[in-house]
Structures are given as C-alpha cells and as structure tokens.
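Engineer: One predicted model, sequence on top.
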Amino acid sequence: MLRRLAGVAALAVLAAACTSAGGPAAAPATTPPATTRVAAGAATARSPAGSTRSGATSTSQGQAAAVRYVFPVAGCRVSYGHVHHDYPATDVFAARGCRFVAPTDGVVDEVMRVDRWSPGTDRGADRGGLAVSVVGVDGVRYYGSHLGSVAPGVAPGVRVRAGTLLGRVSNTGSARGIATHLHFGLSWPTRHGVWWVRRGMVYPWPFLDAWRRGGARSPAPAVRAALAEAGTPVPPCRSEC
C-alpha cells in the first residue's frame with residue numbers, strides 16, 4: 001500500500017510541476033452509469049451487501065480522499081473497441097453533439113479551439129482538431145479530441161468537476177469525413193505542446209469498461225507503470241509524428 005501511495009504522490013508532483021511550468025495546469029450500449037468512485041491508487045473491495053467500498057488514501061487530516069470517475073461521453077449511446085491504430089488510445093463512437101465531460105475532478109491543461117489539420121500536411125500536432133485535456137486529481141491526464149466545439153469557459157487553469165461539460169463530439173482534425181467519435185487518451189502530465197504523449201500512452205478501454213458497468217477502477221497505476229517503462233516524461237515520438 002505504501003508503494004501505491006508513493007506512486008500516486010509521484011504522479012501528483014509531476015502534475016504540479018507541469019502546471020507551474022506550462023500554465024495551470026464494443027457493442028452499442030445505453031447511457032453509461034453516471035458516477036463511480038475509487039480512492040487514488042487503491043484496490044476496491046465489495047461489501048457483503050454488494051455495494052462498492054473504496055480503499056482510502058491518507059490526507060493531512062488522516063481522512064479518506066476518494067477520486068470520483070464518470071464515463072467521458074454523457075447522455076448518448078456509445079460504442080468502442082479494444083484496439084487502436086499505432087499507439088494506445090480508444091475511439092468512443094457517438095452521435096454528433098454528444099457531451100464530452102471531465103472523467104474526474106481536476107484542472108484544464110490544454111485547449112485547442114481551432115482545427116488546423118490539413119490532409120496535405122497531416123501534421124501530428126494537428127490531427128486531434130478541437131481538443132481538451134484535463135489533469136485529474138489522481139495525477140492522470142485525460143484527453144479528448146475531434147470535438148465540434150469546446151464548452152464556453154473551458155480554458156487552461158480552470159478547475160472542473162467530474163461530469164463538467166468540456167465539449168461536443170464531432171469529427172474535426174484527422175477524423176474529418178469519418179464517423180463522429182471522441183478520441184480518448186490517458187497519459188502522465190507533461191509541459192504543454194508534447195502532443196505525442198498527450199494523445200495517449202495507456203489503453204483506456206479497461207477503465208471505460210469498468211466505468212460503464214458502474215465499477216471503480218483507477219488508471220493511475222497503469223499510467224505510473226507506463227511512465228516508468230518510458231524512463232522519461234518526454235519520450236521521442238515514434239508514430240504519426
């Protein structure tokens with residue numbers, strides 16, 4: 001448990017450092033369950049009655065600090081697979097205009113409000129089109145792209161709660177001309193502009209599966225492991241660069 005808590009603390013320190021350096025920091029289904037909770041980096045247990053009981057992380061007051069998670073597309077039917085081309089991510093297919101919401105409490109990291117992608121250049125930095133990323137209280141960065149619009153008031157440094165509207169599903173960027181979907185990526189925080197990390201370093205589908213079922217599963221341990229394997233917060237870009 002101490003090792004897990006140390007890992008969560010390390011991600012939180014990295015998130016804080018990036019914030020100070022770059023600004024504040026698969027089959028169709030019905031609407032996913034609204035909310036799940038889990039303590040950061042802690043295992044979840046079931047009570048005898050079947051209810052979910054979160055593990056706890058210590059705070060300065062010695063009280064439990066639970067991290068709240070919601071499915072990132074709200075109010076719509078969705079479908080997604082367990083694979084993605086070239087690098088870890090998940091494309092969550094949903095109708096145009098469906099709500100992309102913050103998966104957990106956190107701080108808005110980067111916002112792209114202009115679609116600069118061109119098929120002639122196909123620059124990796126532009127492929128996401130309109131996009132928003134949030135650094136969660138669990139130290140994980142959550143990224144959603146191919147949006148049709150970014151919600152008013154969403155800007156770097158703004159604090160959001162799980163379920164806060166961030167934007168609307170569409171097919172901007174390299175998704176132009178194909179089915180509307182949310183590109184959803186998980187990574188550790190970096191300085192602004194490191195788009196090849198931001199777009200995804202850990203497959204999100206296991207966590208999406210859990211959140212849809214009403215389970216409580218944190219991506220923080222998987223993100224910690226991916227960062228340790230990379231050996232640096234800013235590894236070189238290796239695909240679609």
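Structural biologist: Alright, I've got the coordinates.

Engineer: Going by secondary structure, residue 197 is in what exactly?
Structural biologist: Applying DSSP states H and E as the criterion places residue 197 in helix 195-198.

Engineer: who does that helix touch, helix- and strand-wise?
Structural biologist: Secondary-structure packing of helix 195-198 (3 or more C-beta pairs under 8 Å, 6 or more residues apart in numbering; DSSP states H and E): strand 181-187. To be clear about C-beta, it is placed using only N, CA and C from the backbone, and glycine gets the same treatment.

Engineer: confidence score at the residue most central in space within the chain?
Structural biologist: Central residue of the chain (C-alpha atoms, centre = their mean): residue 142, 2.1 Å from the mean position. Per-residue confidence (pLDDT) for residue 142: 98.

Engineer: Report the contact partners of residue 100.
Structural biologist: Contact analysis of residue 100 by C-beta atoms under 8 Å, 6 or more residues apart in numbering lists 72-73, 132, 144, 147, 165-169, 182.

Engineer: did I read that right, it in a strand?
Structural biologist: Yes: Residue 100: assigned to a strand according to DSSP: H, G, I helix; E, B strand; the rest coil.

Engineer: What ranges does this structure have for its strands?
Structural biologist: 36-39, 45-46, 52-53, 66-69, 73-74, 90-93, 99-101, 106-112, 130-136, 141-150, 159-160, 165-169, 181-187 (DSSP state E).

Engineer: Most tightly packed of these?
Structural biologist: Mean neighbours per residue, mean count of other C-beta atoms under 10 Å, is largest over the strands of the chain for strand 130-136, with a mean of 27.

Engineer: Output stretch 195-214 as CSV - backbone C-alpha positions only.
Structural biologist: The C-alpha trace of stretch 195-214 is given here as CSV (Å, rounded to 0.1, in the frame of the first residue of the first chain):
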residue,chain,number,x,y,z
TRP,A,195,1.1,16.2,-28.2
TRP,A,196,2.5,12.7,-28.9
VAL,A,197,2.3,11.9,-25.1
ARG,A,198,-0.9,13.7,-24.6
ARG,A,199,-2.8,11.7,-27.3
GLY,A,200,-2.4,8.5,-25.3
MET,A,201,0.2,6.3,-23.6
VAL,A,202,-2.1,3.8,-21.9
TYR,A,203,-5.1,2.0,-23.4
PRO,A,204,-8.3,3.5,-21.8
TRP,A,205,-10.7,0.7,-22.7
PRO,A,206,-10.3,-1.4,-19.5
PHE,A,207,-11.2,1.7,-17.5
LEU,A,208,-14.1,2.7,-19.8
ASP,A,209,-15.4,-0.9,-19.5
ALA,A,210,-15.3,-0.6,-15.7
TRP,A,211,-17.0,2.8,-15.6
ARG,A,212,-19.8,1.7,-17.9
ARG,A,213,-20.5,-1.2,-15.5
GLY,A,214,-20.6,1.0,-12.5
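
Engineer: Look up how far residue 197 lies from residue 208.
Structural biologist: 20 Å (C-beta to C-beta, to the nearest Å).

Engineer: Then residue 100?
Structural biologist: Distance, residue 100 to residue 197, using C-beta to C-beta: 20 Å.

Engineer: Equivalent analysis for residue 157, please.
Structural biologist: According to C-beta to C-beta, residue 157 and residue 197 sit 20 Å apart.
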